[in-house]
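# Pasted the sequence and its predicted model underneath.
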There are 2 protein chains.
Amino acid sequence: MEKRVIGVDIGGTTVKLGLFDAAGNILEKWEIPTRTENGGEKILPDIADAIAAKLAENGVAKTDVIGIGVGAPGPIDDEGVVHAAVNLGWGTFNINETLQGLTGIATVSGNDANVAALGEMWKGGGKGYRNLVVVTLGTGVGGGIIVNGQMLTGCLGAAGEIGHIHIEDHETAVCGCGNSGCLEQYASATGITRLGRLMLEKTSEPSVLRDGEVSAKAVFDAVKAGDAVAIRIAEQFGDYLGKGLAAVGSVLNPEVFVVGGGVSKAGTVLFDYIEKNYRKYVFHGSREAKFVLATLGNDAGIVGAAKLVLDKNEA
Amino acid sequence: MEKRVIGVDIGGTTVKLGLFDAAGNILEKWEIPTRTENGGEKILPDIADAIAAKLAENGVAKTDVIGIGVGAPGPIDDEGVVHAAVNLGWGTFNINETLQGLTGIATVSGNDANVAALGEMWKGGGKGYRNLVVVTLGTGVGGGIIVNGQMLTGCLGAAGEIGHIHIEDHETAVCGCGNSGCLEQYASATGITRLGRLMLEKTSEPSVLRDGEVSAKAVFDAVKAGDAVAIRIAEQFGDYLGKGLAAVGSVLNPEVFVVGGGVSKAGTVLFDYIEKNYRKYVFHGSREAKFVLATLGNDAGIVGAAKLVLDKNEA
């Protein structure tokens, strides 16, 4: 029987699962709800049941599964210990050991952003690179870092929190993390909306943005249509994000930034605003980093989780 | 015959060399001048001659030398290729191959700050840790990053340039790197002097700093003596450095920051100003990082270079 790999991407509302062959091709993917009640105690048992059912359905023996890879939203260290994942209700425990106990299949896990970064390197926008930073511009700003082909997790699994780089001293609003002036407050979808509203209040200039909802999509649609106010909002966004990524670039000297998340649907127009500011603020030795779009979308997590299994198995 | 290791730390004016046993004990150390003329063409031949003479003097056969480790001030990638080291006059070439050709001994090299960080992890302030950032507060602000016990070099060897994180939008003075508002402009010895002069101009308050040279040492001596103006300068320094290291912390989630360089001679009083600001600005998952002083001083480079050889030999 050909070998199989399972990739699991645990989100706050759904768990995405994928059945892969050993070359990383997705054979099948499906989802189950994430039951976060009672400290998220059902999440891993639900995943174990879903995997057992899928293997049975496909006539795959456990012994033909190389392993299960898991990405989850929280700080997870190299041993698979999660150090409190607030969105899932989880405290501190070893994911690898727990899921392995429930399934009888070797499990390896990591922070979802780092795991997704591994996916983008393997099969997505970062293909061909071994030193990359995946920047996810969604509700928040997430970061996944790959150094020499491997996830950079940090001592407690909290590396890559680029959305919480302090970037603005004059902020009074409080970020979700409790600090003020985090990159996420300006460069996420929510951040762009906020920058947009503030800009529209500050000026009486006409703008198509006055006609509807001020979303990140609306701002970049208006930018593409040449709306002057929208362009100023994009300049602000680009200055903040370019500056934040420049700090990351000066520290890591990556080959490429892979930009994903909902905001990235605007496309390469984003780079018109990010890149020039990145190059302005970064140390010259890191000025040549490339910017590309992520291509895997919601599959990045399960693909990266499968890669994590194969890497672990190789090592 | 017992095995030996050579550690070499190339600086802009002198080259430091060390003869080590395989456990990393320094048996002997010495220096030669760095001849930077003619594109620094004599630097590696001079080092090869110095090593040959020292081995002869000690009756050590080449075959008993495990290898030569080199740290040099410039971006050096994992293959040993230096990508222009301005202070040495060097362009782009492979240090490992060149010095190995001159000596007949296997050579491995890295950026001096990264190599020194390896030294501090092995035998210095970072002993017992495997995820650390060495911050060198000297004429400039240097950084050396160790992740899982290994140097983080970046794709072109330009990682760890924490002195050039952009930290101040309102700066008009230009940093040595060509940008404006780099951390180095406030947290280096020169930067502290500048902060001090500006503060003394801004206020007419009495201060012992008005009586002599406004050096980093004078500022922190005055802080220890309770001088109110000096304390305000230290607060400014700590705010800038804490903010810069917080960006590094949010990206890397290190266990410890090891602070060295001339400014660190002020001692742990520095931490009174750095730590609280670090913890204020950093993402909460990285808030518990420790701060310690570097302990190897000028030996960090040769010790790290020796460690580089032993690590390479083990791998």
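Everything's here; your move.
# ok, and for stretch A:8-20, which residues are buried?
Residues A:Val8, A:Asp9, A:Ile10, A:Gly11, A:Val15, A:Lys16, A:Leu17, A:Gly18, A:Leu19, A:Phe20 are the ones in stretch A:8-20 that count as buried (16 or more other CB atoms under 10 Å in any protein chain shown). Using the backbone N, CA and C atoms, a C-beta is placed for each residue, glycine as well.
# make that stretch A:304-315, sorry
Buried, per 16+ other CB under 10 Å, within stretch A:304-315: A:Gly304, A:Ala305, A:Ala306, A:Lys307, A:Leu308, A:Val309, A:Leu310, A:Asp311.
# now the buried residues of stretch A:8-20 as JSON lines including distance to B:Leu252?
What follows is the buried residues of stretch A:8-20, written out as JSON lines (distance: CB to CB, whole Å):
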{"residue": "A:Val8", "distance to B:Leu252": "26"}
{"residue": "A:Asp9", "distance to B:Leu252": "24"}
{"residue": "A:Ile10", "distance to B:Leu252": "24"}
{"residue": "A:Gly11", "distance to B:Leu252": "25"}
{"residue": "A:Val15", "distance to B:Leu252": "29"}
{"residue": "A:Lys16", "distance to B:Leu252": "28"}
{"residue": "A:Leu17", "distance to B:Leu252": "31"}
{"residue": "A:Gly18", "distance to B:Leu252": "30"}
{"residue": "A:Leu19", "distance to B:Leu252": "34"}
{"residue": "A:Phe20", "distance to B:Leu252": "31"}
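# Enumerate every residue touching the spatially most central residue of chain A.
Residue closest to the mean C-alpha point of chain A, counted by CA atoms, centre = their mean, is A:Ala113 at 3.6 Å. Taking CB atoms under 8 Å, 6 or more residues apart in numbering or on different chains, we find A:Ala113 in contact with A:Val134, A:Thr136, A:Gly142, A:Gly143, A:Gly144, A:Gly160.
# so where does it fall, helix or strand?
Using DSSP states H and E, A:Ala113 maps to helix A:112-123.
# Please look at A:Glu161 and B:Gly285 and confirm they touch.
Yes. The criterion here is CB atoms under 8 Å, and A:Glu161 meets it with B:Gly285 at 6.4 Å.
# So for the two, which sits in the more crowded spot?
A:Glu161 (29 against 23; other CB atoms under 10 Å in any protein chain shown).
# For the more buried one, give me its contacts.
A:Gly143, B:Ser250, B:Val251, B:Asn253, B:Phe283, B:Gly285, B:Ser286.
# and the spatially closest residue to the fourth one that is not a sequence neighbour, which of the three is it?
Counting by CB to CB, 6 or more residues apart in numbering or on different chains, B:Asn253 lies nearest to A:Gly154, which is 2.4 Å off, once chain neighbours are set aside. Per DSSP: H, G, I helix; E, B strand; the rest coil, the local secondary structure of A:Gly154 is coil.
# how about low-confidence regions in the stretch 151-300 of chain A?
Residue ranges of the stretch 151-300 of chain A with pLDDT under 70: none are present.
# how about the residue nearest to A:Ile76 when sequence neighbours are not counted, secondary structure?
With sequence-adjacent residues excluded and distances taken as CB to CB, 6+ apart, A:Ile76 is closest to A:Gly157, at 4.3 Å. What three-state DSSP gives for A:Gly157 is coil.
# Just want the phi and psi numbers for A:Gly157.
phi 80, psi 10 (degrees, to the nearest 10).
# Run through the residues that contact it.
Listed by CB under 8 Å, 6+ apart, the contact set of A:Gly157 reads A:Gly74, A:Pro75, A:Ile76, A:Asp77, A:Asp78, A:Val81, A:Val82, A:His83, A:Gly110, A:Asn111, B:Asn253, B:Gly285.
# go again using 7 Å as the cut-off
Counting by CB atoms under 7 Å, 6 or more residues apart in numbering or on different chains, A:Gly157 touches A:Pro75, A:Ile76, A:Asp77, A:His83, A:Asn111.
# go on, A:Ser215?
A:Thr193.
# which residues touch stretch A:21-38?
A:2-5, A:10-20, A:42-43, A:46, A:50, A:66, A:88-89, A:122-123, A:302-303, A:306-307.
# what do you get for stretch A:258-267?
A:120, A:125-126, A:132, A:134-138, A:189, A:192, A:216-217, A:220, A:270, A:291-294, A:300.
# In that stretch, which residues are buried?
Under 16+ other CB under 10 Å, the buried positions of stretch A:258-267 are A:Val258, A:Val259, A:Gly260, A:Gly261, A:Gly262, A:Val263, A:Ser264, A:Ala266.
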